[in-house]
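Chemist: following is a predicted model, sequence given first.
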Amino acid sequence: MKKYIIVLLILFLSSYFASLIQSSWGQVRVESIKIPTQNGQWVVADLFKPYKATSDNPAPLVIIIPGFQRSKETLSNIAIELSRRGIVTISIDPYAQGMSSSSLSRRSATKEGYGMFALVDYVYETANLNYVDKSKIGVTGHSAGGLAAMRGAQYFGKLAIKNESKSKLHSVFISGMLRMGFKEKDLKKVRSNIGVSYALYDEGAWQNEQKNGNLENAPEILRLVNIQTDGNFNKDKIKMGNYYGDLANHSAVVIFNEKLLHPFQPYAPSAIGNQIGYFLHVFGLEKSVSVEGQVWFWKEIFTFICLICGLLLIIPITKILIKLPFFMGLGSPIPKLLPKPKGKGLIIFWCTLIISILISCFSFIPLSELTKFLFIDATNRVQTWFFPQRMNNTIMLWAALNGLIGLFLFYFSYKIYGKYNGVEKSMFGISISLVNLSKTILVSLLIVLSYFILLNFIYFLFHIDYRFIFISSKVFNKETLYILPVYFPFFFLFFLSNSLRINGSIRFKNGIGLSPSVLYTLATSGGLITILFIQYSTFWLTGTVFWKEGWLYVNLLFSVVPILLVLPFFQKFFFEQTGSIYLGPLTMTLIFVIMLLSNSVYYYPI
């Protein structure tokens, strides 16, 4: 047990150091804010205020807008790097994401900037943030957040034209968005400096006018530069990193085209450096810390350690609970290993495994299309309590279908082979009394409660959660608990089937030639890994992704697959502690689903 005390100590130390990096070693105050907006909506954000920004020495402000399926913490790297260079930053939870409210608008990015429009007005029209230089307000966003940023430039530009004044937005930086917001009629409204960063290998580039991610002669970019320079740009190519237009009248424009994929663009030092350099240049802060001196990745490393430690601490919590007198009966002997399959049995084993992998792979995108008909309100961004999480609805259907198929294949292989070749039902760990099942449910609830209480305590102390790039376990709003019973049963089918497979159908005496870890990976996430392989090998060979319309759903797998890779090891641990298959799926379904629900776009009624 001493080693887990060390793990707990590492968790607190990592959280502490992550908070130090986030606050630039105490030079920046970081706090959450909540601002009421129109129609009873609200925006929650993290405010990064350098202590040297005062009413006597106001600093520029940059508002950061994460993209679709992202919360304010996912772009904390931008906030860290800008704030340590003296720029006040506010990283928002876009409407319908994180802790912000839903929006009554079905086009929130365009009509409200995901809440950014209201925030800009709040800063500009009140004296509450008197340490902000109101003449230097900037906005940046990635992907859908980039669209919101561009729409902000157009919205406030239109108001500036109408009022014959300067735009409230001094400068805007658009990352990872080109297919929307670049029409001539819209660009003519802009009265701000503009920076554009787009990944050369963006998976969604097939939607651009030239069907690729090369910005050198992209019509959208040529149009932007020509309009920003009042028609004085007559070339057919853009030089990357070169400023066109005039900073003095807020018409400057610069383009970057990094050799990256779309989801990795916000986490690449080169792309981050371009964005930092842009704001330092337009705000006249070139004498600040160089763009190469980035430290944000240290916070990612420490919060990754937190993520690992948080999961590892599930082990001692479980052991302590099971040893309590009330739960002593749960610690049953581990069932005997299954006899090693031979001949026909081995063929059946590999056939069922391959079939399950293929179904898992090729059912995912069709199920994403099916959600458009089953969950119409969520698909159309209408507020609802009926499965209100648009993207997670796909994962839910996939989990339920593949869970049922897994259970069927398990039963099928047992009936035609295992039953007649020394496999006994007692080897599966499926027998359990009603009393022990009730205790198992209670233990799982206590484990999950302990996990999230510790997470919330860490957040309370350090304003830090558990995360690494796409994967995170974070504090959540009460609505997450409201819809948890809605999603839980469907995910539980998959987790139960997985536990049965890990601890029942592939727990062989003397093994079958492959290491258990490889078998666990194939059985749990082989299909989803195959999707990623097909998508990106096709992209590499042809320049276009295999699933074009479903590319966002495929990108979603970057946060799902890593969790599924570690799932079997927890399934095995819980099985070894109890001798039954139920504690693992009960516990891990709750943790996994809460992680999914708290990190996804939603349309809860206000």
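Modeler: Okay, I see it. Numbering: from 1, shown residues only.
Chemist: going by C-alpha atoms from here, please, whenever you check contacts or count neighbours.
Modeler: Fine.
Chemist: state the mean pLDDT of the top strand by length along the chain.
Modeler: Scanning the chain for the longest strand, with DSSP state E as the assignment, gives strand 132-142. Averaged over strand 132-142, pLDDT sits at 97.
Chemist: name the helices or strands packed onto that strand?
Modeler: Strand 132-142 makes packing contacts with strand 59-65, helix 116-125, helix 144-163, strand 171-175 when contacts are defined by 3 or more CA pairs under 8 Å, 6 or more residues apart in numbering; DSSP states H and E.
Chemist: and the pLDDT at residue 232?
Modeler: pLDDT at residue 232 comes out at 84.
Chemist: what does the longest strand of the chain contact?
Modeler: With contacts defined as CA atoms under 8 Å, 6 or more residues apart in numbering, strand 132-142 is touched by 53-55, 58-67, 88, 120, 123-124, 146-149, 168-177, 266, 279, 283.
Chemist: and stretch 554-565, by the same measure?
Modeler: Around stretch 554-565, the neighbours that count as contacts under CA under 8 Å, 6+ apart are 263, 470-471, 520-521, 524-525, 528-529, 531-532, 535, 547, 592.
Chemist: most neighbours among these, please name it.
Modeler: residue 524 (27 neighbours; other CA atoms under 10 Å).
Chemist: surely that one meets residue 497?
Modeler: No. Counting by CA atoms under 8 Å, residue 524 sits too far from residue 497 to count as a contact (9.7 Å).
Chemist: show me the contacts for residue 444.
Modeler: 583, 586-587 are the contacts of residue 444 under CA under 8 Å, 6+ apart.
Chemist: show me what secondary structure element comes after the helix or strand where it lies.
Modeler: Assigned by DSSP states H and E, residue 444 belongs to helix 434-462. Next in sequence after helix 434-462, counting helices and strands by DSSP H and E, comes strand 466-468.
Chemist: does anything pack onto that next one? Which helices or strands?
Modeler: The contact analysis (3+ CA pairs under 8 Å, 6+ apart) places strand 466-468 against helix 296-312, strand 471-473.
Chemist: mind running it again at 6 Å?
Modeler: helix 296-312 (3 or more CA pairs under 6 Å, 6 or more residues apart in numbering; DSSP states H and E).
Chemist: tell me which other helices or strands the helix it packs on touches.
Modeler: helix 2-22, strand 466-468.
Chemist: tell me the buried residues in the longest one?
Modeler: Burial within helix 2-22, assessed by neighbour count using 16 or more other CA atoms under 10 Å, is assigned to 4, 7-8, 10-12, 14-22.
Chemist: give me the contacts around that helix.
Modeler: For helix 2-22, contacts defined as CA atoms under 6 Å, 6 or more residues apart in numbering pick out 80, 299, 302, 306, 309, 462.
Chemist: which residues are in contact with the fourth one?
Modeler: To tie it back to what came earlier, the one meant is residue 306. 11, 466.
Chemist: report pLDDT for it.
Modeler: The score at residue 306 is 98. That number is its pLDDT.
Chemist: tell me the spacing between it and residue 315.
Modeler: Using CA to CA, to the nearest Å, residue 306 is found at 15 Å from residue 315.
Chemist: now the end-to-end length of stretch 23-34.
Modeler: 20 Å.
Chemist: that one - what's its average pLDDT?
Modeler: Averaged over stretch 23-34, pLDDT sits at 97.
Chemist: got the buried residues for that stretch?
Modeler: Using 16+ other CA under 10 Å as the burial criterion, the residues of stretch 23-34 that qualify are 23-24, 27-30.
Chemist: relative to helix 296-312, how tilted is the helix holding residue 444?
Modeler: Interaxial angle of helix 434-462 relative to helix 296-312 (axes from the mean of the first three to the mean of the last three CA atoms, to 10 degrees): 160 degrees.
Chemist: which residues of the protein fall in strands?
Modeler: In the chain, the strands defined using DSSP E lie at 28-36, 42-50, 59-65, 88-92, 132-142, 171-175, 193-197, 253-256, 466-468, 471-473.
Chemist: just send those back as JSON lines, with distance to residue 447 too.
Modeler: Putting the strands of the chain into JSON lines (distance: least, CA to CA, whole Å) gives the following:
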{"stretch": "strand 28-36", "distance to residue 447": "28"}
{"stretch": "strand 42-50", "distance to residue 447": "29"}
{"stretch": "strand 59-65", "distance to residue 447": "34"}
{"stretch": "strand 88-92", "distance to residue 447": "31"}
{"stretch": "strand 132-142", "distance to residue 447": "36"}
{"stretch": "strand 171-175", "distance to residue 447": "40"}
{"stretch": "strand 193-197", "distance to residue 447": "44"}
{"stretch": "strand 253-256", "distance to residue 447": "47"}
{"stretch": "strand 466-468", "distance to residue 447": "17"}
{"stretch": "strand 471-473", "distance to residue 447": "15"}
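Chemist: done for today, thanks.
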